[in-house]
Structure formats: structure tokens, C-alpha cells
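Student: Structure of the sequence below:
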Amino acid sequence: MKRKFLCAMALVGIMSVSAMAAPKMAIDYNEIEGSETVEQNGISYFPVRPVAEAMGLTVEWNAADKSVLITNGGPVYITFKIGENAYTFAKTAPMELSGAPVIIDSKTYVPVDVMTDLFAYEVSKGEETYNIITKYQENTDTQEPVADEDKNDKGFADLEEKEIALGVVTEVNDEQIFFEDAERGTVILTKSDTVKVTDKDGNEADMDSIKADMKLKVEYGSAMTMSIPPINNPVSITIE
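Tutor: Modelled structure (predicted):
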């Protein structure tokens, strides 16, 4: 009987160690404190606030309707509600991901593909971390962490005021325009009611009138995600 009790206690100890060893989130191989992930129904979830704030984002919780707003004062404007698999980016139409947001121990958790599908970052999974890659690095958990002085550069690049780009549309969907910037290469433009769209004569145009192969002049918003390709919420678009 004593042996069974000791075996049971040993098993509990192993389970406790496994629970404590849940992978954390990291940004460019720098672990984020308090970012341990959880698995539910085969989906990996991470706590929103510590990760978002580590990326320089602002997180607002609305207790009335159990919703979350994540912003950065630029192109990022993400909203979602607990229990609803409907995430928005830059006020676009809601999209489904691998799972709905959940609350665990009074913390809001979302699936890891929020980083891949909304922010368009690459996320590599190691034994100890889910690493969000915002800078060019080799995909390995043995990579040296980015120096502390570089941490403020993560996530978003500030652009010069009224940066204008010329290019061609390569693809369009309900939420985004894939724009081939003549200098930057591919940039994903988010569709939003706040974007001013005109034709070359200055006449107001509809965002949905933008099609593949059209030439555009784009006035970028003040910040661009550092993902590949980058994402921007433009100020204005002129159809050439």
C-alpha cells in the first residue's frame, strides 16, 4: 500500500513538472515573463497582456461585453470578445482563427496563430518557447538573444511623415490589398473605413473598386509592422 502511495505521489510530481514546463512566448528569443502557454483541445493559447505589452502595444479590457482592444497608435487595431472566434485587424471584417479567446485564472488567452495570421509574424516552436520572429534570425532556440538596446525596435517601424509609395496591386481579398511597392517590395494594406480613396482626378472612389494589376499611389500610415511582408494601415490611396 505504501509503495502504491509513493508511486502515486511520484506521478503527481511528474505531472506538476510537466505543467510548469509549458512553453513561454518569446520575442526574437527573449522570453517574456509571465507568458506561459496552455493547451486546450489541441490548441496552444498564450496570455494576451504580457505578450502584447512586451511588443509595445496597449491592451484595454471592456468588462461590460468581455472584449479586448489592442492598439499601438498606428496600424494595429485588434479587437475580439471572449468566447467568440471572430478577430478583427484594423477594423476589418472579423476572421476565424484556430480557437475563440478564453479566460483562465482571470487572464485572457488567445491562440498562437493570432501572431501568425493577424500580425503576419513567423512563430517557431521550441521545447521552451514559442518564438515570435520580428527580426531576421536563424530559426533555432540556441540563437543568441537580441541585445537589450534593440528591444524598443521590436514589432513596428516608425515611418517618416507622409511617406508616399508607388506600385501595383498583386492581390486583393475582403480584408487586405497586396501592394508591390516599387522600393519596399510587397506591403499588405489593410482595408478600413478610415482610408481615403480617390482616382487620379481627385474624385472619391470605393475601396472595393481596387483590383489586381491596378497602379496605386499610397500614403502610408505612421507605423509599419516589421513582419514579412509588412502590414500598414494607409492614410490614403490614389488609383492611378
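Student: for this structure, what helix or strand is lowest in average pLDDT?
Tutor: The weakest-scoring helix or strand in the chain, judged by mean pLDDT, DSSP states H and E, is helix 2-20 (a mean of 39).
Student: I'd like the next helix or strand past that helix.
Tutor: With elements assigned by DSSP states H and E, the helix or strand that comes after helix 2-20 is strand 24-27.
Student: which residues are contacting that next one?
Tutor: For strand 24-27, the surrounding residues in contact (Cβ atoms under 8 Å, 6 or more residues apart in numbering) are 31-32, 35-37, 46, 50-51, 54-55, 128-132, 134, 151, 154-155. Using the backbone N, CA and C atoms, a C-beta is placed for each residue, glycine as well.
Student: And the helices in this structure?
Tutor: For the chain, applying DSSP state H gives helices covering 2-20, 48-54, 113.
Student: quick one, longest strand in this structure?
Tutor: If you go by DSSP state E, the chain has its longest strand at strand 164-172.
Student: Any idea how far it is from the middle of the chain?
Tutor: 22 Å (Cα atoms, centre = their mean, to the nearest Å).
Student: residues in contact with the residue nearest the centre of the chain?
Tutor: The geometric centre of the chain, computed from its C-alpha atoms, lies nearest to residue 119 (Cα atoms, centre = their mean), at 2.7 Å. By Cβ under 8 Å, 6+ apart, residue 119 lies in contact with 76, 132, 225, 227, 231.
Student: What of residue 62?
Tutor: Contacts of residue 62 by Cβ under 8 Å, 6+ apart are 68-69.
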